[in-house]
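Chemist: Mind looking at a prediction? Sequence and model below.
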Amino acid sequence: MAAADTPQLLLNAPLVANRLGYPDLSGLDLLELYAFVHPARFCVPTPRGLAEALRLEEPTSDQHVPEFLQLAAGALIGICESADWPEREGAWSTLQSLVRMRWPWAQVLSPHIAKPERAEKWLFSKLPEWEDAPERPAPRQVQLPPDAVIERLDRLTGEGSEKREGQQAYARDAAQVFAPRDKRDNPHLLLAQAGTGIGKTLGYLAPASLWAEGSGGTVWVSTYTKNLQRQLRQESRRAWPSERADGSKPVVVRKGRENYLCLLNLEDALQGGFAGRAAILAQLVARWAAYSQDGDMIGGDLPGWLGTLFRKRGIAALTDQRGECVYAGCPHYRKCFIERAARSSAQADLVIANHALVMVNAARGRDHAQRPTRIVFDEGHHVFDAADSTFAAALTGQEAIELRRWIIGPERKNRGRRRGLAARLADVASYDEAGGDAVEAAVKAAEALPSDGWLQRLNEGAPSGPVEALLAQVRATTYARDESGGQEAGYGIETEAASLPGELIEAAGVAEEALAAIRAPLMKLATRLEAVLEDAPDWLDAQGRARIDGARYSLSWRIDTLAAWEALLERLGGPADPEFVDWLAVDRSDAREFDIGIHRHWLDPMKPFAKVVLEPSHGVMLTSATLTSQSEDGPDWQGAIERSGAPHLELEPKLTSAQSPFDYAARAEVLIVTDIKKGDLPALAGAYARLIEASDGGVLGLFTAIRRMRAVHGRIADRLARAGLPLYAQHVDPIDTGTLVDIFRDDPRASLLGTDALRDGVDVPGHSLRCVVMEQVPWPRPDILHKARRLAGGGSAYDDRIIRARLAQAFGRLIRSKDDAGHFIVLSPAFPSRLLNAFPQGTPVIRLTLEEALQRVASGVSNTGADHPADHEPFGEEAS
């Protein structure tokens, strides 16, 4: 009641509201003030983090936080009055807009921010323009002598640093992928297992920087997580300066379009496209854009917590989520962050990207000359998953409605700047009659695709058009055949695309014809655009050519998508293609349907990966701490080779392995708690609470199901908070995952619960993470795709490979440096002994009760399990 009656001084209002159970809580949020005063600066969104960012003394207890919030507010307001405030430019103009929007802080700040003597430039006139550069010549063919590689490695690691034989051997092996290629379509391929702590990042950056320097070429390093991208950016500063003499950047971080701020979307939001709180967010994002290094909104220098302060999907609406870019038709094209990143990467020595972007760029990059040919896939154990997603096809309601909007544009009362094909290519259509006819035909044919309200119409049994009619049949068949129990639990459901009813097959035929009727005029339009470029009219300037070229690229992408959908529908009712796995699905969250469709995945996605990524490359390296799983006979190199794509090109990859230098036998213990019964939620929650208390925080809890994680959090969060042990959780706290990890890393007494996303890429060295607790053995979910791959991949042995890899990745969160120590705990009454070799050799594994586990956790890691001789389960050398 007090919070509702009086504006409160708060830190992270959505989180406080979530804890109080009062969703409409608002007030003076210090994080919003910080984002205004210091745009593009990092701050952990906690009292401790804010104190560190502002160089104030941190509060020693919860009782001192209210006083600290007042001091922090005073410090931030004081900065606004300071003559050397580095982010003063643009603040006064933004504040005038925020006053009109009744931003809570606006009236507080107004007396403290002086009106500048000269009018401030608008953001869109202030941002620098990118410049075209000549195409980079093909790289020279160079050899990397081993001595030169080690010399470069020594330079990167620095004087006085420890010379590690494992890292040196790793760097020499990595150099092999940069050797000149001997045979066309036959790249050098290296699979490199590198244990945690070996120093693999500098191990491959040493030969990569040496090759880029000698050849004049570009090396792409691809990661799976944004955390590793940030780490790579920092490590690369040892090898390259931040800028060359001409001002260009030798190192560029490149992400998918949906990660960057779209200036046209921002302009629309600033000019009335956003209302209420979202309009305030747009003003703060505009402040950030003026100071951002690269316009990266997801994992870049935009605070991850900023979007969650405004609850709704405002951040996503300011990016190019739907492939709607008009390229050179945009008034901000010359200042576009996305175009700047693409052009910078063409001139860079090192491009840091993610697996999906590398694959998409290889498959349909706009410029063949810019497609990567020397690639290091760090976190290489995820390449299979990334390829599985990239090369899949899905004809769903959500995908189809996006295509409709791209072709037709906004309909009825839809707001926003989105334009359809006719508006984007109006000048071409008026000049080229055949092209205009093709646009008109495509727009008319696209009316067969689902439109707004399609899900409600399907629920009411009144589909509109051939594709909605097909989706209605898919929905009916999936519900009729489901035996998973997911209907009652509220989960998504699926069924195999086999022995389908005649009504569905008939609807698929009609829908296939409708899709072909859309694809035909799009192909004709692509041909006409090519003709216009070849015989260009006088009025077509360079910007117009770039716009048409962008439209051709977008068209080819949609044409390929339509062709994949048609191929998918054509197979329904016929014999199954052994290379693919097809199924029908109704996607649901908490029993609410949000998508319906037909899915197709490659049985082995490394086949298209080998063709699209490996074959054109000259050198490719896959590296990870968990590239191979441990079988009973040792490292499973054959499994790693199969998941690299090498067999599809008849390649013999080079193999190398470097063992971790960490003393796991002395620094870690694996505890398997045997007296928590599966399905006993009160016992599970009690175990988590007591383990967190015994460890005094610092626990990372990993769950295989969101629902169980939420239930455990709900039972124990209050109890732990009263003990001064903060507990955070994915899918519970209104905070993005990256920020949750930042908070966890910053507070040694905090604990964090999460799902699979936290099993990888969480790098929390030191005392903040000293205990990892898994709720159970991470069995694979037995969905249709998994069952097909399990059948083809050796049955239970296939499952065991997946589980060992998951256990190894989760264990890898625990020991991140030589001084780290801690416990890895699995709450499983029946942990199979055959899976124990997932853990590093020599690590003590002890089966014990919860009470015994609590004693060991409370007393810290001992370097022997001798006091539990009956329960100690040796493996590795000891077992043999």
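Modeler: Here it is on my side, so go on. Numbers count the residues shown, from 1 in each chain.
Chemist: who does the strand or helix carrying residue 527 touch, helix- and strand-wise?
Modeler: According to DSSP states H and E, residue 527 maps onto helix 502-534. Counting contacts by 3 or more C-beta pairs under 8 Å, 6 or more residues apart in numbering; DSSP states H and E, helix 502-534 packs against helix 426-431, helix 433-445, helix 466-481, helix 542-571. For the C-beta atoms, the positions are set from N, CA and C on the backbone; glycine is no exception.
Chemist: Buried residues of it, list them for me.
Modeler: The neighbour-count check on helix 502-534 (16 or more other C-beta atoms under 10 Å) flags 504, 507-509, 511-512, 514-515, 517-526, 528-529, 532 as buried.
Chemist: next one: stretch 7-27
Modeler: Residues of stretch 7-27 classed as buried: 8, 10, 11, 12, 13, 14, 15, 16, 17, 18, 25, 27 (neighbour count, 16+ other C-beta under 10 Å).
Chemist: Now go through those and say which are in helices.
Modeler: Judged by DSSP state H, helices contain the following of the buried residues of stretch 7-27: 13, 14, 15, 16, 17, 18.
Chemist: Could I get those residues in JSON lines, plus columns for pLDDT and distance to residue 71?
Modeler: What follows is these, written out as JSON lines (pLDDT from 0 to 100; distance: C-beta to C-beta, whole Å):
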{"residue": "13", "pLDDT": "90", "distance to residue 71": "19"}
{"residue": "14", "pLDDT": "89", "distance to residue 71": "23"}
{"residue": "15", "pLDDT": "89", "distance to residue 71": "20"}
{"residue": "16", "pLDDT": "88", "distance to residue 71": "19"}
{"residue": "17", "pLDDT": "87", "distance to residue 71": "23"}
{"residue": "18", "pLDDT": "85", "distance to residue 71": "25"}
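Chemist: Closest one to residue 113 out of those, please.
Modeler: Nearest to residue 113 among those: residue 13, at 22.7 Å, using C-beta to C-beta.
Chemist: Run through the bridge partners of the nearest residue to that closest one once chain neighbours are set aside.
Modeler: Once flanking residues are discounted, residue 13 sits nearest to residue 29: 4.5 Å by C-beta to C-beta, 6 or more residues apart in numbering. When assigned by DSSP bridges, residue 29 has beta-bridge partners residue 10.
Chemist: how much space between residue 29 and residue 14?
Modeler: Residue 29 sits 9 Å away from residue 14, going by C-beta to C-beta, to the nearest Å.
Chemist: so what's in contact with those two at the same time?
Modeler: Residues touching both residue 29 and residue 14 (C-beta atoms under 8 Å, 6 or more residues apart in numbering) are residue 309.
Chemist: Look at the nearest residue to residue 306 once chain neighbours are set aside and say how many residues are nearby.
Modeler: Nearest non-adjacent residue to residue 306, counting by C-beta to C-beta, 6+ apart: residue 35, 5.4 Å away. For residue 35, the neighbour count with other C-beta atoms under 10 Å is 23.
Chemist: Over to residue 832?
Modeler: 10.
Chemist: pretty sure it contacts residue 796?
Modeler: No. Using C-beta atoms under 8 Å, residue 832 is not in contact with residue 796, being 10.1 Å away.
Chemist: picking that back up, list the contacts of the helix or strand hosting the residue nearest to residue 306.
Modeler: In this assignment (DSSP H and E), residue 35 forms part of helix 30-37. With C-beta under 8 Å, 6+ apart as the test, helix 30-37 has contacts from 9-12, 41, 43, 45, 50, 53, 69, 72-73, 76, 79-80, 85, 87, 91, 94-95, 98, 103-105, 109, 280, 284, 287-288, 303, 305-306, 309.
Chemist: Buried among these? Make that a PyMOL selection.
Modeler: Applying 16+ other C-beta under 10 Å to the contacts of helix 30-37, the buried members can be selected in PyMOL as follows:
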select buried, resi 10+11+12+43+45+50+53+69+72+73+76+79+80+87+91+94+95+98+103+104+105+109+280+284+287+288+303+305+306+309
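Chemist: Show me the contacts of helix 30-37 that map onto strands.
Modeler: Those of these mapping onto strands are 9, 10, per DSSP state E.
Chemist: Find the residue ranges of the stretch 551-700 of the chain scoring beneath the pLDDT cut-off.
Modeler: Of all residues in the stretch 551-700 of the chain, those with pLDDT under 70 make up the ranges 632.
Chemist: So which residues of it form helices?
Modeler: For the stretch 551-700 of the chain, applying DSSP state H, counting those that start in this stretch gives helices covering 606-609, 637-642, 664-667, 681-695.
Chemist: I'd like those helices laid out as CSV, including distance to residue 60 and mean neighbour count.
Modeler: Below are these laid out as CSV (distance: least, C-beta to C-beta, whole Å; neighbours: other C-beta atoms under 10 Å):
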stretch, distance to residue 60, mean neighbour count
helix 606-609, 53, 21
helix 637-642, 50, 17
helix 664-667, 31, 18
helix 681-695, 21, 19
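Chemist: got the contact list for the closest residue to residue 175 other than its chain neighbours?
Modeler: The spatially closest residue to residue 175, leaving aside those adjacent along the chain, is residue 207, at 3.8 Å (C-beta to C-beta, 6+ apart). By C-beta under 8 Å, 6+ apart, the contact list for residue 207 reads 144, 149, 152, 171, 174, 175, 178.
Chemist: Poorly predicted segments of this protein, please.
Modeler: For the chain, the stretches flagged by pLDDT under 70 are 311-312, 322-323, 365-370, 412-419, 427, 486-490, 539, 632, 761, 862-880.
Chemist: Tell me, how many residues neighbour the residue nearest to residue 788 when sequence neighbours are not counted?
Modeler: Leaving out its chain neighbours, the residue that sits closest to residue 788 by C-beta to C-beta, 6+ apart is residue 581, at 4.5 Å. Residue 581 has 23 neighbours, counted by other C-beta under 10 Å.
Chemist: in the sheet, who's paired with residue 581?
Modeler: Residues in a beta bridge with residue 581, per DSSP bridges, are residue 601.
Chemist: Tell me the spacing between it and residue 36.
Modeler: Counting by C-beta to C-beta - residue 581 and residue 36 are separated by 50 Å.
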